[in-house]
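Enquirer: Pasting the sequence and the predicted model now:
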Amino acid sequence: MQADTTIERIGGYEGRPVTLTGWVQNRRSSGRIRFLVLRDGTGVIQCVFVKGEVSDAAFELADAVTQESSVAVTGLVRADKRAPGGHELTGTDLALISLAEPYPITPKEHGTEFLMANRHLWLRSSRQHAVLRIRSEIIKAMRDYLDDNDFVLGDTPILTPAACEGTTTLFPVDYFGEQVFLTQSGQLYNEAICAAVRKTYCFGPTFRAEKSKTRRHLMEFWMLEPEVAFLDLKGDMDLAEDLVAHTVARVLEKRRPELETLGRDIAKLEAVKRPFPRISYREAVDLLREKGRDIKPGDDFGAEDETLLGESHDRPVLVHRYPAAIKAFYMKRDPQDASLALAFDMIAPEGYGEIVGGSQREDDLATLETRIAEHRLPAEAFRWYSDVRRYGSFPHAGFGLGIERTVAWLTGVRHVRETTPFPRMLDKIYP
RNA sequence: UCCAGCGUAGCUCAAUCGGCAGAGCAUCCGGCUGUUAACCGGAGGGUUACAGGUUCGACUCCUGUCGCUGGAGCCA
């Protein structure tokens, strides 16, 4: 069955007959009038059926059709001030495609447990629909930005032979009798790719087997990771800042109706413009101590610290030059102070936490080999990684951006589980 | 893994000091010519998570198990 058009484009059909296919979101009746709220995946429109003006069969069907049944509605498009979307359909015919069994998600309140168990159906709700559209827009905006700035999409393996960073827990996979792991970052591979194409990025799923159970964590999440040859820490921060500012602007431009559906405070997003504040780790520690936090130089930030740092600015804040001791082995040390890593985190406002983590990479072969030994990593497994320095080493930098946290921040959704269609969570993998 | 809270109808929740297990929505039947989570009348719907204990009597108190929710650590 072919729809003439979709609800999204209904404005161009005023006064004309159309056929729409979709699902019955709700149904109301009043005497000899039947109201049928149709959802077609692009929008929602109310269809009105008046007894005597449509066939008896169509009128009775409008009364009998259940929530989420799939139907084809034919009718006349009419502008109507009473309609939430500005348009209504005066129904002339109604055909049933499939009658739905009683739908579990009624137009009333539901709890998280129930909704997550029915995630495959929950996606149909207006709120989840809006989040999915914004997620798609965010990804498109970021890829457009990178593609338009001479980046080459490289893509890195999901099955990997060893830990990238050694510290976090990995999901083991049987690879023809050999134990391998699901990737937790494409970065090391990106470093090799950027020596081929100068500017590269990968975008794909990453996996962390940590037993994290917070609103900021999923076991499986998507990460965008650019890596650029001949780039230093400052350039890396410039890139992250420009990418995020560009993405926020795009979402505001293209997905304002969805932001409004979600009740997002749009003024807060409009404030997200370059430049973003940049503070050193030491300045961040001082700021937190002023706010009464018991934190000493050298400590890593906890969730509460991150929230406080994020809330002290109206746009994302970049914290740079962390103690090397709490950062990864591949990060280059600050030439001004060898105890510091040339790393930065971007912390989103409004308590959404760290959305970007990046660094300039160690490009000196001897130093890198020392670090690998210090971290008790198997040198032979990192041979290819060392080769990137052995054959024409070059300064380079990059970062990883967590898509789900970014979507949570921009949509104003509190928990990252609503930012991806089927979240993988601790001990929960259905549906 | 640790800390806290919660498990009652398909869903969201009540049930006073331990004393007859209830409401709204959903479903089914009926009514209403402009409804916006429509409304009005009626009907059906229960192993109170599970196992044990205390008691004349347990949804309620105690012990254990399981599940869920929120948070911490770790991180994006």
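Expert: Structure's in. What do you need? Numbering: from 1, shown residues only, chains lettered A, B, ... in the order given.

Enquirer: which one is residue A:419 nearest to, not counting chain neighbours?
Expert: residue A:407 (3.9 Å; CB to CB, 6 or more residues apart in numbering). For the C-beta atoms, the positions are set from N, CA and C on the backbone; glycine is no exception.

Enquirer: Residue of the stretch 201-350 of chain A nearest RNA strand B, please.
Expert: Here the residue of the stretch 201-350 of chain A nearest RNA strand B is residue A:302; by CB to the nearest atom of the strand that distance is 2.5 Å.

Enquirer: before we move on, back to that, burial check on the residue nearest to residue A:419, number of neighbours?
Expert: Residue A:407: 26 surrounding residues under other CB atoms under 10 Å.

Enquirer: Mind exporting the C-alpha coordinates of stretch A:324-344 to PDB?
Expert: Provided in PDB are the C-alpha atoms of stretch A:324-344 (Å, rounded to 0.1, in the frame of the first residue of the first chain):
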ATOM      1  CA  ALA A 324      49.600  11.800  34.100                       C
ATOM      2  CA  ALA A 325      49.200   9.300  36.900                       C
ATOM      3  CA  ILE A 326      45.400   9.200  36.400                       C
ATOM      4  CA  LYS A 327      45.500   9.100  32.600                       C
ATOM      5  CA  ALA A 328      46.300   6.600  29.900                       C
ATOM      6  CA  PHE A 329      49.800   5.400  29.000                       C
ATOM      7  CA  TYR A 330      49.700   6.800  25.400                       C
ATOM      8  CA  MET A 331      49.200  10.400  26.400                       C
ATOM      9  CA  LYS A 332      52.100  12.800  25.900                       C
ATOM     10  CA  ARG A 333      53.500  14.500  28.900                       C
ATOM     11  CA  ASP A 334      53.500  18.300  29.200                       C
ATOM     12  CA  PRO A 335      57.100  19.600  28.300                       C
ATOM     13  CA  GLN A 336      56.600  22.300  31.000                       C
ATOM     14  CA  ASP A 337      55.700  19.800  33.700                       C
ATOM     15  CA  ALA A 338      56.400  16.100  33.200                       C
ATOM     16  CA  SER A 339      53.900  15.100  35.900                       C
ATOM     17  CA  LEU A 340      51.000  16.400  33.700                       C
ATOM     18  CA  ALA A 341      49.500  14.700  30.600                       C
ATOM     19  CA  LEU A 342      48.500  16.800  27.500                       C
ATOM     20  CA  ALA A 343      45.000  15.600  27.900                       C
ATOM     21  CA  PHE A 344      41.600  17.300  28.200                       C
END
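
Enquirer: Distance check, residue A:27 against RNA strand B.
Expert: 8 Å (CB to the nearest atom of the strand, to the nearest Å).

Enquirer: Which strand or helix spans that residue?
Expert: strand A:17-30 (DSSP states H and E).

Enquirer: Correct me if wrong, but residue A:299 is in a strand.
Expert: No. Assigned with DSSP: H, G, I helix; E, B strand; the rest coil, residue A:299 falls outside any strand and is coil.

Enquirer: Now name the helix or strand holding residue A:102.
Expert: Applying DSSP H and E, one finds residue A:102 in no helix or strand.

Enquirer: Could you pull up the residues touching the residue nearest to it when sequence neighbours are not counted?
Expert: In space, and not counting its chain neighbours, residue A:102 is closest to residue A:66: 6.8 Å by CB to CB, 6+ apart. Contacts for residue A:66 (CB atoms under 8 Å, 6 or more residues apart in numbering) come out as A:24, A:99-103.

Enquirer: if we can go back for a sec, hmm, who's touching the one helix or strand the residue nearest to residue A:419 maps to?
Expert: Per DSSP H and E: residue A:407 is located in helix A:403-411. Contacts to helix A:403-411, defined as CB under 8 Å, 6+ apart, come from residues A:130-131, A:134-135, A:138-139, A:215-216, A:218, A:221-224, A:244, A:247-248, A:251, A:258-259, A:262, A:264, A:269, A:348-350, A:352-355, A:413-416, A:418-420.

Enquirer: Give me the neighbour count for the residue of the stretch 201-350 of chain A closest to RNA strand B.
Expert: 12.

Enquirer: swap in residue A:256?
Expert: For residue A:256, using other CB under 10 Å, the count is 13.

Enquirer: roughly how far apart are the residue of the stretch 101-250 of chain A found nearest RNA strand B and residue A:158?
Expert: Closest residue of the stretch 101-250 of chain A to RNA strand B, CB to the nearest atom of the strand: residue A:111 (2.9 Å). Here residue A:111 is placed at a distance of 34 Å from residue A:158 (CB to CB, to the nearest Å).

Enquirer: Kindly report the same for residue A:70.
Expert: In terms of CB to CB, residue A:70 sits 36 Å off from residue A:158.

Enquirer: More neighbours: which of residue A:111 and residue A:158?
Expert: Between residue A:111 and residue A:158, residue A:158 has the larger neighbour count (other CB under 10 Å), namely 15 against 8.

Enquirer: quick one, what contacts that one?
Expert: Here residue A:158 is in contact with A:182-183, A:204-205 (CB under 8 Å, 6+ apart).

Enquirer: now for these, which pair is the farthest apart?
Expert: A:182 and A:204 (10.9 Å; CB to CB).

Enquirer: Can you show me the strands along the stretch 101-250 of chain A?
Expert: Remark: strands assigned in the stretch 101-250 of chain A by DSSP state E, counting those that start in this stretch are A:152-153, A:159-160, A:172-175, A:178-182, A:199-207, A:220-229.
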